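Participant: Let me see the structure of the following:
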Amino acid sequence: MASVLLRGFVLGFVIAASPGPIFFLCLRRTLARGWLNGLVSGLGVAAADGFYAALAAFGIGAVTSVLVGERRWLALIGGAVLVLLGLRILFERPSAAVQDDRHKTGAPAEAANVSGLAWAYLSTLGLTITNPTTIISFAALVATLGIGVSGGLLPPALLVLGVFAGSATWWFVLAIFGAALKARVTPRVVRGISTFSGLAIAALGVLAVVSTLIAV
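Facilitator: You can find the predicted model right below:
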């Protein structure tokens, strides 16, 4: 059983660590708003990974088939949201509290902003849920690892737990790395990284929409 948990952990960690728009988004949020915002954003991704792992591991084939069948619409929705998020990042002006946060020793300003943390979590959860790559990756989970409901409920439950833990661990590492990096760079560099991430996220969104429309 421990091997099932470990395989799930490795799978969740590797999938989360794959470079993509979510990586840029979470790193940018960590640099601009603090480690807590970046970590909560990452936990939204981990929750979505755990959801799709559960669909695959527990053999909920009907739901998975519907999601895979509708992956074009999901790609269009996810791509459009990425474009909007990228543009929002490009035109967003950091508040003075955020810019000066690197000079404070107390709790970060965003810790008290419950709505901001809720948005950080829900936005990455939604983006990952509508990502066809995530759907297809976990749709092949049972075939790859040979784990299903036939062996009882414990193996798939451990697999899902491992996937969530692996994904969450990666985003925790990224949040810590981003926080350490933030302490060593100037606000001007942070703004430059924000501009780059905004452009990258918007470009990836446009690419997702265009490639989906061409494939229709």
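Participant: Look up how far residue 163 lies from residue 9.
Facilitator: The span separating residue 9 from residue 163 equals 7 Å under the rule CB to CB, to the nearest Å. (Each C-beta comes from the backbone N, C-alpha and C, glycine too.)
Participant: between the two, who's got more neighbours?
Facilitator: The residue with more neighbours, out of residue 9 and residue 163 and counting by other CB atoms under 10 Å, is residue 163; that gives 31 against 21.
Participant: does the more buried one count as helix, strand or coil?
Facilitator: helix (DSSP: H, G, I helix; E, B strand; the rest coil).
Participant: For it, give its distance to residue 195.
Facilitator: From residue 163 to residue 195 the distance is 33 Å (CB to CB).
Participant: Wait, residue 12 touches residue 159, no?
Facilitator: No. With contact defined as CB atoms under 8 Å, residue 12 does not count as touching residue 159 (9.4 Å).
Participant: what's the overlap in contacts for the two?
Facilitator: residue 53 (CB atoms under 8 Å, 6 or more residues apart in numbering).
Participant: And the residue nearest the centre of the protein?
Facilitator: Compute the mean C-alpha point of the chain, and by CA atoms, centre = their mean the closest residue is residue 45, 3.4 Å away.
Participant: Please tell me I have it right and it contacts residue 167.
Facilitator: Yes. Contact between residue 45 and residue 167 holds when scored by CB under 8 Å: they sit 6.3 Å apart.
Participant: what's the overlap in contacts for these two?
Facilitator: residue 16.
Participant: Report the secondary structure element holding residue 19.
Facilitator: Secondary structure assignment for residue 19, by DSSP states H and E: no helix or strand.
Participant: Can you give me the neighbour number for it?
Facilitator: Residue 19 has 8 neighbouring residues, counting by other CB under 10 Å.
Participant: Output the lowest mean pLDDT helix or strand found in this protein.
Facilitator: Taking mean pLDDT, DSSP states H and E as the measure, the helices and strands of the chain show their lowest mean at helix 96-99, namely a mean of 42.
Participant: So which residues make contact with the following helix or strand past it?
Facilitator: Sequence-wise, the next helix or strand beyond helix 96-99 is helix 114-129, with elements assigned using DSSP H and E. Residues outside helix 114-129 that contact it (CB under 8 Å, 6+ apart): 21-22, 25-26, 29, 33, 36-37, 40-45, 47-49, 51, 78, 81-82, 85, 110, 134.
Participant: Go again with 6 Å.
Facilitator: Residues lying outside helix 114-129 but in contact with it, judged by CB atoms under 6 Å, 6 or more residues apart in numbering, are 37, 40-41, 44-45, 47-48, 78, 110, 134.
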